[in-house]
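> Here you go, sequence then predicted model.
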Amino acid sequence: QFSGANEKEAWQPLLQQILKQESYKTIQSKIFFDVGANRGDFTQNLLRFHDTDEMWHIFQFEPDQDLLYTYLMPALNATKREENISIQIIQAAVTDYNGNARLFLPNDNS
């Protein structure tokens, strides 16, 4: 689990390493889950590695409506021009149980 200012730097090399593995390259249709999508940084960095010969399905989960409409929806509209990419935004939180919970948001939406 990563947190703080170094979060972006910490997971990018790992993502690149996974996407370059030979066993991973043989899968023609890939599915990714961006849980807690926030502003969509993970998805945008992931898209840098997209090979247009592959079909990618990306599911972004974000419960915060403000982040959804401020960041994720505009990014989705810009990405719709890309070939072989399907992005679905789901306004929901992901957890290990069914039920309702209160969503607490920081003042700066970070």
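Alright, I've got the coordinates. Residues are numbered from 1 along each chain as shown.
> centroid residue for this structure?
Nearest to the centroid of the C-alpha atoms of the chain, with distances taken as Cα atoms, centre = their mean, sits residue 34, at 3.2 Å.
> That one belongs to a strand, doesn't it?
Yes: when the secondary structure is assigned by DSSP: H, G, I helix; E, B strand; the rest coil, residue 34 falls within a strand.
> Go ahead and confirm it touches residue 41.
No: under the criterion of Cβ atoms under 8 Å, residue 34 is not in contact with residue 41, lying 9.1 Å apart. C-betas here are computed from N, CA, C, even on glycine.
> Which residue ranges of the protein form helices?
Secondary structure of the chain by DSSP state H: the helices cover 7-20, 22-25, 41-47, 65-67, 73-79.
> between those, which gets nearest to residue 92?
Closest to residue 92 of those is helix 65-67 (Cβ to Cβ; 11.2 Å).
> quick one: the closest one to chain centroid distance?
Mean C-alpha position of helix 65-67 versus that of the full chain (Cα atoms, centre = their mean, to the nearest Å) differs by 15 Å.
> what's it in contact with?
In this structure, residues lying in contact with helix 65-67 by Cβ atoms under 8 Å, 6 or more residues apart in numbering are 37, 38, 39, 91, 109.
> and if you look at stretch 53-62?
Contacts for stretch 53-62 (Cβ under 8 Å, 6+ apart): 27-38, 40, 43, 46, 50, 68, 72, 84-94.
> The same query, at a cut-off of 6 Å, please.
The set of residues external to stretch 53-62 that reach it, using Cβ atoms under 6 Å, 6 or more residues apart in numbering, is 28-35, 37, 43, 50, 68, 84-90, 92, 94.
> Go through these and flag which are in strands.
Of the contacts of stretch 53-62, the ones assigned to strands by DSSP state E are 29-35, 85-90.
> List only buried entries from those.
Neighbour-count burial (16 or more other Cβ atoms under 10 Å) is assigned, among the ones in strands among the contacts of stretch 53-62, to 30, 34, 85, 87, 89, 90.
> Include distance to residue 59 and pLDDT when you put these into JSON lines, please.
Supplementary listing: these in JSON lines, determined by distance: Cβ to Cβ, whole Å; pLDDT from 0 to 100:
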{"residue": "30", "distance to residue 59": "12", "pLDDT": "83"}
{"residue": "34", "distance to residue 59": "7", "pLDDT": "91"}
{"residue": "85", "distance to residue 59": "12", "pLDDT": "86"}
{"residue": "87", "distance to residue 59": "8", "pLDDT": "89"}
{"residue": "89", "distance to residue 59": "8", "pLDDT": "91"}
{"residue": "90", "distance to residue 59": "6", "pLDDT": "92"}
